[in-house]
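1. turn this into a structure:
(one chain, ligands or ions: 1)
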Amino acid sequence: MTDTILNTPIDLCGRTLPNRIVFQPMEGCDGTLKGAPDELTSRRYLRFACSGAGIIWFEATAVTAEGRANPRQLYINAETVGDFKELVGKIKITALEKCGFEPLVIVQLTHSGRFSKPNGTPEPIVAYRNELWEKGKENQPYTVADDAYLASVTQSYAAAAQLAMDAGFDGIDVKCCHGYLFNELLSAKKRSGIYGGSFENRTKLFFDCIDAVKKVLGDKLIVTTRLNACDCFPYPYGYGVDENNNIDLTEAEKIIAVLAEKGIELINITLGNPYLIPHINRPCVNSPEDGNIGLERIYNITKALKKRFPDIKIVSSGLTFPGENAVTYAEKLIDENVCDFAGFGRMTFAYPQFFSDYLEKGELDKNKVCLKCSKCTELMRSGTVTGCPIRDSEVYMPYYKKYVLDK
Ligand SMILES: Cc1cc2nc3c(=O)[nH]c(=O)nc-3n(C[C@H](O)[C@H](O)[C@H](O)COP(=O)(O)O)c2cc1C
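-> The predicted model follows:
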């Protein structure tokens, strides 16, 4: 077996995980209309279960019907919880049989806010009106979430957390990234009322939900968040950028300091926005900037936050870009204490066995690695299911032909 720092055990929230590999949340847009995992969802997670990853970070799962990002987005509720339970059980049994241990399965709970499309067309629920997004789309109906609606989201999170515990998940991610509701609130400087203006107001709903989820779970499950360190929009849009358009981590650090006080031990760091500036969130080919610049940005931000919060376990994002060298690159990050866990997104669609192959052979198969071509995103944006049409072509190329090429 290959000797790698990625395979060193790590203690997390009272448990010991055998390795540092995280399968990042990757939506397949393939749930049932009610929001339960369907055939392709199960196929994907059972492939992940055979991967040997220490953490499987289950994809964005809605806490309300109106906050779903697409009609096939997973949605945990009283009707679907049984199907989630069945799948989580299967993931754990499969991993135990194939890899000899049960991974941590953390579910990402979300409200899609501005990107809500519960019926297939945009039905944005926004924190505030924003010309960055709305230019040319002024006639589209926008619902500005009022304070009463936002307060009700706390109950939705608490209810979803209870259901997620019933379903057998090991942890809850209160999602605060990629422009979705809680992340958009972080930049609601001009919003009036209790959720806008000051730092305390802009973070109120997010922290209220963290508290509500913690109250439901007690110490039984891990509470965590996938957090945007900065939005990377030009000033004055978004959060985490100063007047000179330089990245400014002051508010991200304030948020993490509060989370640490609340006893949060694990944070998954990401940045940018997949709709407007996807190359920042996931460095890729055919991009406005060299992917290595994007990789360096993620490296520097993650390193700075880890240095500032050495006791918080940090997951790094965006590690697929180095392709056949992705694992070697991740080793460097762990070795340099940039992060504690190496998170892989697109690679998991293309090549779910990459880590066990690396352990066995000391290298990745270059014919299986992700090509960073963004076809998985094209599929998603075309409104159908997503996966890798190149490396998992038997299943996903027919969708790519029908919904992208032939359209
Ligand atoms: C098709 C697709 C679906 C994704 N779904 C989610 C999601 O559900 N939640 C989330 O936080 N990020 C999601 N992401 C972002 C990934 O988790 C990851 O941050 C991004 O792909 C960069 O990592 P990578 O370079 O390893 O791919 C998605 C990305 C893609 C391409």
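2. tell me which residues form a beta bridge with the residue nearest to D11 when sequence neighbours are not counted?
-> Nearest residue to D11, sequence neighbours excluded (Cβ to Cβ, 6 or more residues apart in numbering): L17, at 7.9 Å. Every residue, glycine included, has its C-beta placed from N, CA and C. Note on L17: beta-bridge partners by DSSP bridges are I10.
3. phi and psi next, for the closest residue to V213 other than its chain neighbours.
-> Nearest residue to V213, sequence neighbours excluded (Cβ to Cβ, 6+ apart): A161, at 4.3 Å. Main-chain torsions, A161, degrees, to the nearest 10: phi -60, psi -40.
4. isn't the residue nearest to D11 right next to I56, touching?
-> No. Look at L17 against I56 with Cβ atoms under 8 Å: they stay out of range, at 11.3 Å.
5. joint contacts of those two?
-> P103, L104 (Cβ atoms under 8 Å, 6 or more residues apart in numbering).
6. so between those two, which is more surrounded?
-> The residue with more neighbours, out of L17 and I56, is I56; 27 against 22, by other Cβ atoms under 10 Å.
7. in three-state terms, label that one for me.
-> Under DSSP: H, G, I helix; E, B strand; the rest coil, the three-state class of I56 is strand.
8. who touches it in this structure?
-> F23, Y45, F48, A49, I91, P103, L104, V105, I106.
9. same list, those residues, but only the ones touching the ligand.
-> Applying Cβ under 6 Å from any ligand atom, the subset of those adjacent to the ligand is empty.
10. quick one: which of the residues you listed sit in helices?
-> Counting by DSSP state H, the part of those found in helices is Y45, F48, A49, I91.
11. which one of these is nearest R129?
-> Y45 (38.0 Å; Cβ to Cβ).
12. turn the contacts of I56 into a markdown table, including pLDDT and neighbour count.
-> Rendered in a markdown table, the data for these read as follows (pLDDT from 0 to 100; neighbours: other Cβ atoms under 10 Å):
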| residue | pLDDT | neighbour count |
| --- | --- | --- |
| F23 | 98 | 28 |
| Y45 | 98 | 22 |
| F48 | 98 | 23 |
| A49 | 98 | 26 |
| I91 | 98 | 23 |
| P103 | 98 | 26 |
| L104 | 98 | 21 |
| V105 | 98 | 24 |
| I106 | 98 | 26 |
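13. closest residue of the stretch 151-300 of the chain to the ligand?
-> The ligand sits closest to R282 of the stretch 151-300 of the chain, with a gap of 3.5 Å, by Cβ to the nearest ligand atom.
14. just the stretch 251-400 of the chain next, same as before
-> For the stretch 251-400 of the chain, Cβ to the nearest ligand atom, closest residue to the ligand: G345, 2.9 Å.
15. any weak-confidence spans in this protein?
-> Scanning the chain for pLDDT under 70 picks out no residues.
16. mind jotting down where the strands sit in it?
-> Secondary structure of the chain (DSSP state E): strands at 10-12, 15-17, 21-23, 55-62, 74-75, 104-110, 125-126, 143-144, 171-174, 222-228, 266-270, 313-316, 341-344.
17. mind giving me the packing neighbours of the third one?
-> What that stands for is strand 21-23. strand 55-62, strand 341-344 (3 or more Cβ pairs under 8 Å, 6 or more residues apart in numbering; DSSP states H and E).
18. pick the most buried one from the ones you listed.
-> Highest mean neighbour count among the helices and strands packed on strand 21-23 (mean count of other Cβ atoms under 10 Å): strand 341-344, with a mean of 28.
19. alpha carbons of that strand, as CSV, please.
-> Written as CSV, here are the backbone C-alpha positions of strand 341-344 (Å, rounded to 0.1, in the frame of the first residue of the first chain):
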residue,chain,number,x,y,z
PHE,A,341,-9.0,17.3,5.0
ALA,A,342,-8.6,17.3,1.2
GLY,A,343,-12.0,17.8,-0.5
PHE,A,344,-12.6,16.5,-4.1
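20. follow-up on the earlier one: the residue of the stretch 251-400 of the chain closest to the ligand contacts Q24, correct?
-> Yes. Using Cβ under 8 Å, G345 is in contact with Q24, at 4.2 Å.
21. next, show the common contact partners of those two.
-> S317.
22. how about the nearest residue to the residue of the stretch 151-300 of the chain closest to the ligand once chain neighbours are set aside, what does it touch?
-> Using Cβ to Cβ, 6+ apart and skipping residues adjacent in sequence, the residue nearest R282 is G318, 5.9 Å away. Neighbouring residues of G318 by Cβ under 8 Å, 6+ apart: T270, N281, R282, P283, G294, L295, I298, G343, G345.
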